[in-house]
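In: A predicted structure for the sequence below; I have some questions about it.
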Amino acid sequence: MVAYHASALDGVARNPALPTPLLLRLIAFYGSADGPSYVLHRAGLPEAAVAAVLAHPDPRARIDFAISPRAEPAQRARLVDDPSPKVRAALAYGPERHPRTTVAPLPDAVCARLLDDPEPSVRAALLESPRLAPSFVASLATRRDPAARRLAVSAWGALPPGERSALTADPDPEVRRSAALRECPHDARLTAGLLADPKAAAEALRRGLLERADAERCVGERTHLAALAENPSLPADLVERLAVDPDEDVRFAVSLRPELTEARRMAIDFTVGEFDRSTVDWVRDGLADPKVLRRAATSAHALLRRAAAASPHLPPDLLDLLARDEDPIVENLLGIHHPDTPEEVLMRVFARLGGTFSAWMAETHPRFPREGLAARFADHPDGNYRRLAVRDPAATPALIERLSHDSAVWTGQAAARDPRLPLPRLLEALHVRELASSAGANPALPEAEMAAVLDRAGVPG
């Protein structure tokens, strides 16, 4: 197949205006050398298309649908009895995580059936899935499979006391260890037991309820001091000793403790790395807590402000405060995580980091500016900025056509996708290698022309 025919076909598979008859042709064509896989990841597939996928003879088509982040869970769930264990495993694992994409989990009853699947690969895929409902995870606490009980520990807060106690006494050592690490912040006996376990000692020192004697012994023996320095139950005098420890990692860990005053925090000798985004547990666990966010966002400690900037729940005054922060990492995190990030912050991130993930997250943010971009950037010397002109609602068809001829490929592609592109140029772009996919995805492309793309690509009618 001619390269631009394949590219145009790929674009048509993505076209939001693709009519159902052509959609069904593409689904039937899936699995050939040039069949576009994206057609199975479209949102809102009609019932006829779903039925065609479920009955598709190529298991790769059913696998693609099983992991589609845009398919409804009830639609994907219909693959639970698929004859191929690879398809069932794909269904069990589900879609990968993706920024700003919310995917509803499969119904609990379907997950339960997958967990009882005769194929070990299916059961394993389910227990590794990032898309399980909390209610289902909590239901695993009494399962016979120790791997399932280990996963249930991650829903610790939703488990009743009896199930928690059973898990801390579980016959499987990995389950016992995981459960004990969850409960040890409230149980000094469990913490003491974990300190003797090389696989658990560091985490137990980080979060477990410590007896003073154990804390003193660990300080004296210099056992996992950086972890110990984070422990909420560490006596104040030992905190002070670690605040002047010769190891900078230890001093840095102390500097992040939540109970410190700002004066005491900033009196500690520590350095925040230029790109450091290390997790601060007490801020991460309180991303929806206004008091926690205020303490972190108003801190002079850069890592605490970065941690607060990762919250989508910042109140307006703290968002405004962090939007003026001179730390570029704070700006990047606001652009990724907060739904109300100011336009000027998003534009600064785009300008500073064009071509990176953070810049892409800023540009695709719902609040990224649109008005006035044509006047500002249509003649910019950098094609990455000229591309922004296409976003402007006031951009004229003549400007869009001009930009479709731009020397910067990304700019031309953005213009080729725009419905304002005059039809003669749109049809021409279907035969330009670099533009064919974008032109095929243009919702203004007439149905007859979409059909012609399929015909030229050899898709059976």
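Out: Yep, it's here. Numbers count the residues shown, from 1 in each chain.
In: and the pLDDT for the closest residue in space to residue 358 that isn't next to it in sequence?
Out: Once flanking residues are discounted, residue 358 sits nearest to residue 332: 4.3 Å by Cβ to Cβ, 6 or more residues apart in numbering. For every residue, glycine as well, the C-beta is placed using N, CA and C. Per-residue confidence at residue 332 stands at 95 (pLDDT).
In: pretty sure residue 332 sits against residue 350.
Out: No. The criterion here is Cβ atoms under 8 Å, and residue 332 misses it with residue 350 at 10.7 Å.
In: common neighbours of those two, please.
Out: Contact criterion Cβ atoms under 8 Å, 6 or more residues apart in numbering; residues shared by residue 332 and residue 350: residue 362.
In: picking up where we left off before, number of nearby residues for the residue nearest to residue 358?
Out: Residue 332 is flanked by 25 other residues according to other Cβ atoms under 10 Å.
In: how about it, what does it touch?
Out: 349, 353, 358, 362.
In: repeat that for residue 436.
Out: Contacts were defined as Cβ under 8 Å, 6+ apart; by that measure residue 436 touches 4-5, 7-8, 11, 429-430.
In: quick one, phi psi at it?
Out: phi -60, psi -40 (degrees, to the nearest 10).
In: got the residue ranges for the helices in the stretch 201-350 of the chain?
Out: Using DSSP state H, counting those that start in this stretch, the helices of the stretch 201-350 of the chain run over 201-207, 212-221, 225-228, 236-243, 248-255, 262-267, 281-284, 290-297, 302-309, 316-323, 328-337, 343-353.
In: could you dump those helices to TSV with distance to residue 106?
Out: Formatted as TSV, those follow (distance: least, Cβ to Cβ, whole Å):
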stretch	distance to residue 106
helix 201-207	31
helix 212-221	44
helix 225-228	37
helix 236-243	46
helix 248-255	40
helix 262-267	45
helix 281-284	27
helix 290-297	33
helix 302-309	32
helix 316-323	35
helix 328-337	26
helix 343-353	35
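In: to residue 98, which of those lies closest?
Out: Closest to residue 98 of the helices of the stretch 201-350 of the chain, according to Cβ to Cβ: helix 328-337, at 12.5 Å.
In: could you list the buried residues of that closest one?
Out: For helix 328-337, a neighbour-count test (16 or more other Cβ atoms under 10 Å) marks 329-337 as buried.
In: now those residues as JSON lines including distance to residue 249?
Out: Shown next, in JSON lines, are the buried residues of helix 328-337 (distance: Cβ to Cβ, whole Å):
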{"residue": "329", "distance to residue 249": "20"}
{"residue": "330", "distance to residue 249": "23"}
{"residue": "331", "distance to residue 249": "27"}
{"residue": "332", "distance to residue 249": "24"}
{"residue": "333", "distance to residue 249": "23"}
{"residue": "334", "distance to residue 249": "28"}
{"residue": "335", "distance to residue 249": "29"}
{"residue": "336", "distance to residue 249": "27"}
{"residue": "337", "distance to residue 249": "27"}
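In: closest one to residue 287 out of the contacts of residue 436, please.
Out: Nearest to residue 287 among the contacts of residue 436, counting by Cβ to Cβ, is residue 11 at 38.9 Å.
In: which SSE is that closest one in?
Out: Assigned by DSSP states H and E, residue 11 falls within helix 3-14.
In: for that helix, list the C-alpha coordinates in PDB.
Out: Extracted C-alpha coordinates of helix 3-14, given in PDB (Å, rounded to 0.1, in the frame of the first residue of the first chain):
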ATOM      1  CA  ALA A   3       2.400   5.100   2.400                       C
ATOM      2  CA  TYR A   4       0.100   8.100   2.300                       C
ATOM      3  CA  HIS A   5      -2.900   5.700   1.700                       C
ATOM      4  CA  ALA A   6      -2.000   3.900   4.900                       C
ATOM      5  CA  SER A   7      -1.600   7.200   6.800                       C
ATOM      6  CA  ALA A   8      -4.900   8.500   5.500                       C
ATOM      7  CA  LEU A   9      -6.600   5.300   6.500                       C
ATOM      8  CA  ASP A  10      -5.100   5.600  10.000                       C
ATOM      9  CA  GLY A  11      -6.500   9.100  10.200                       C
ATOM     10  CA  VAL A  12     -10.000   8.000   9.000                       C
ATOM     11  CA  ALA A  13     -10.000   5.400  11.800                       C
ATOM     12  CA  ARG A  14      -9.600   8.200  14.300                       C
END
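In: name the residues that touch that helix?
Out: For helix 3-14, the external contacting residues (Cβ under 8 Å, 6+ apart) are 18, 22, 26, 34, 36, 38-39, 42, 430-433, 436-442, 445, 450, 453-454, 456-457, 459.
In: of these, grab the buried ones for PyMOL.
Out: PyMOL command restricting those to the buried ones, with burial defined by 16+ other Cβ under 10 Å:
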select buried, resi 18+22+26+36+39+42+430+432+436+437+438+439+440+441+442+445+450+453+454+456+457+459
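In: most neighbours of all the contacts of residue 436, which one?
Out: Result: residue 8 is most packed of the contacts of residue 436 (other Cβ under 10 Å), 31 neighbours.
In: hey, where'd the helices end up in the stretch 351-461 of the chain?
Out: 357-363, 373-377, 383-386, 397-404, 409-417, 423-429, 436-440, 447-456.
In: so what's the gap between the first one and the chain middle?
Out: Mean C-alpha position of helix 357-363 versus that of the full chain (Cα atoms, centre = their mean, to the nearest Å) differs by 13 Å.
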